[in-house]
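# With the input below, show me the fold.
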Amino acid sequence: MLPSKRACACLLAALLFVCAGRHAFAAAGNTEDTRMSVEERAKVIKYLVDSENEYLRSIEKLSEEQWKFKAAPAKWSIGEAAEHIVLAEALLFASVEKALAGKPNPEWETKTKAKTEFLERILLNRNGKAQAPEQIVPTGTLSRDEVIARFKAVRAKTMKFASTTDLALKDHTAEHPFPVFGTLNAYQWLIYIPLHNLRHNQQIAEVKLAAGYPAK
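Reported below is the predicted structural model:
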């Protein structure tokens, strides 16, 4: 489902508001701004929109048999992958909030340098596998409609924050439980959400290509 004209207009208005705030910040003589840049905000919003549209298109018209099909006993079904995406988004957004609740990290530039590009590279590449933390392992008990409803609710919260926040995100950090990621700032935790979504959209596509995947 593509964003409506009204939604796009709201996003544009938010970006214009942020631009005005940037000019005021500069006029006041401040030289360091750890908030999202206009370009960074546009990037995360595009990822959010693209990942949502791809996700919903991939699951909205599935039959119950397709929803529950597993290519192998140890592999997730489409329903489980879709549920995992919802659970992970809530957890990742909580990490954004956790980072912002702490004091600014004076070493944020060194600790988080090039991490955004690293996240984009590693999360969009399905070659590496990771064990999902227990709290975001899917139960497989939710219906397709339940998963979609929960996704839309949690994504609306993420999108509103990404579109309107003017908080200093970059100098507030939180540790990732996987050492490969280490320290991430609040902006990086935010962009992690749609990147993770896109990663598992690929997993859903892989299930559809598996031998034995049921036709309608």
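
# mean confidence score for the one helix or strand Tyr47 maps to?
Using DSSP states H and E, Tyr47 sits within helix 38-59. Taken as a whole, helix 38-59 carries a mean pLDDT of 98.

# C-alpha coordinates for that helix, PDB please?
Provided in PDB are the C-alpha atoms of helix 38-59 (Å, rounded to 0.1, in the frame of the first residue of the first chain):
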ATOM      1  CA  VAL A  38      17.700  16.600   6.500                       C
ATOM      2  CA  GLU A  39      19.400  13.900   4.300                       C
ATOM      3  CA  GLU A  40      19.600  11.400   7.100                       C
ATOM      4  CA  ARG A  41      15.900  11.900   7.900                       C
ATOM      5  CA  ALA A  42      15.000  11.500   4.300                       C
ATOM      6  CA  LYS A  43      17.000   8.300   4.100                       C
ATOM      7  CA  VAL A  44      15.400   6.700   7.200                       C
ATOM      8  CA  ILE A  45      11.900   7.700   6.000                       C
ATOM      9  CA  LYS A  46      12.500   6.200   2.600                       C
ATOM     10  CA  TYR A  47      13.700   3.000   4.100                       C
ATOM     11  CA  LEU A  48      10.600   2.900   6.400                       C
ATOM     12  CA  VAL A  49       8.200   3.400   3.500                       C
ATOM     13  CA  ASP A  50      10.000   1.000   1.100                       C
ATOM     14  CA  SER A  51      10.200  -1.800   3.700                       C
ATOM     15  CA  GLU A  52       6.600  -1.400   4.800                       C
ATOM     16  CA  ASN A  53       5.300  -1.500   1.200                       C
ATOM     17  CA  GLU A  54       7.400  -4.500   0.300                       C
ATOM     18  CA  TYR A  55       6.400  -6.300   3.600                       C
ATOM     19  CA  LEU A  56       2.700  -5.800   3.200                       C
ATOM     20  CA  ARG A  57       2.700  -6.700  -0.500                       C
ATOM     21  CA  SER A  58       4.500  -9.900   0.300                       C
ATOM     22  CA  ILE A  59       2.000 -11.200   2.900                       C
END
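
# Sort out which residues of it are buried, please.
40-41, 43-45, 47-49, 51-52, 54-56, 58-59 (16 or more other Cβ atoms under 10 Å). For every residue, glycine as well, the C-beta is placed using N, CA and C.

# quick one, strands of the chain?
173-175, 183-185 (DSSP state E).

# All good on my end, thank you.
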